[in-house]
Every structure is written in C-alpha cells, then in structure tokens.
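[1] Quick check, what structure comes out for this input:
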Amino acid sequence: DCTRCRLWQGVKDVCEVGFGPRGADIMVVSLRPNSSTYQLMIEQSLMQAGIDLKRCFFTSVDKCRNWDLEARKTELKACQYYLDQELELVKPKWVLAFGNEPLQILGGSSGIMKHRG
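    You can find the predicted model right below:
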C-alpha cells in the first residue's frame, strides 16, 4: 500500500522486501530488486569469493521493480524507511553495497570507486 514515492505506479509488486535468513551475517544491498539473471550472477560471484549464501540477506534501496522510471534521490530517501527496518530486523555484521546508490543511502557519501574494499 506504499505511495511514498512515484515508483509504485505501474508495478506488479509494491515495496518488495528482501529475502534470506533473519540473522544473516551479510546484507547485500543493490539498487532495485534484482532480475533472476542478475541475482544468479551476484550469488555466483559471492560463492566464488567463498561466501556461504546461507549467511546472506539480499535486499535493495529502491523497493519497487520499476524499469520505466529512474529512481532519483528523492525516491531512494523515501524507500530508506523500509531498508532501515530490514537492517534493524536482520542486524547484519557486514553490509555489502552493490553500487553508488546503495552506498549513498547507507553511508551518506557517493563515489563507489574511492570507498570500495
């Protein structure tokens, strides 16, 4: 029922919640809910790095999978309310920001290349 921003318009699922175990050690945060192909690529990369997927909770900054509208800072800030709830629920030890937008919302700064590692 969320209408905090314009991204809900025309989407099948409004405010998609993340998935994974509640007590996950790692929260993987991407820009928007991933397509199944991209999600598989992320999972394969994590497994190749030796990370057990059972330790991961996957979520996004933008909670609506709207491919027709670009998420602006205003929309991402509106969705941050739900991301904060997920962080409080999962309480991960580590957060992996997949991209500049998640870094900006989670850490308050941009420039993923200078903050990586």
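
[2] for the protein, what's the longest helix?
    helix 73-90 (DSSP state H).

[3] Need the mean per-residue confidence for that helix.
    Along helix 73-90, the predicted local confidence has a mean pLDDT of 87.

[4] Which elements pack onto it?
    Under the contact criterion of 3 or more CB pairs under 8 Å, 6 or more residues apart in numbering; DSSP states H and E, helix 73-90 touches strand 26-30, strand 56-60, helix 100-107. For the C-beta atoms, the positions are set from N, CA and C on the backbone; glycine is no exception.

[5] Tell me the buried residues in it?
    Going by neighbour count (16 or more other CB atoms under 10 Å), the buried part of helix 73-90 is 75-76, 78-80, 82-83, 86-87, 90.

[6] Equivalent analysis for stretch 35-43, please.
    By neighbour count, and taking 16+ other CB under 10 Å as the criterion, the buried residues in stretch 35-43 are 42-43.

[7] so how far is it off the chain centroid?
    In terms of CA atoms, centre = their mean, to the nearest Å, the gap separating the centre of stretch 35-43 from the centre of its chain is 13 Å.

[8] Let's test this: mean pLDDT of that stretch, rounded?
    Stretch 35-43 shows a mean pLDDT of 91 in the predicted model.

[9] Check the contact between residue 82 and residue 18; I expect there is one.
    No. Using CB atoms under 8 Å, residue 82 makes no contact with residue 18, being 9.2 Å away.

[10] Now do residue 16, the pLDDT please.
    Confidence score, pLDDT, at residue 16: 79.

[11] can you start the count at 53 instead of 1 from here on
    Sure, I'll start counting at 53 from here, so that last one is residue 68.

[12] State the distance from it to residue 57.
    Distance, residue 68 to residue 57, using CB to CB, to the nearest Å: 14 Å.

[13] And residue 114, by the same measure?
    Residue 114 is 9 Å from residue 57, where distance means CB to CB.

[14] quick one: which of the two has more around it?
    residue 114 (26 against 20; other CB atoms under 10 Å).
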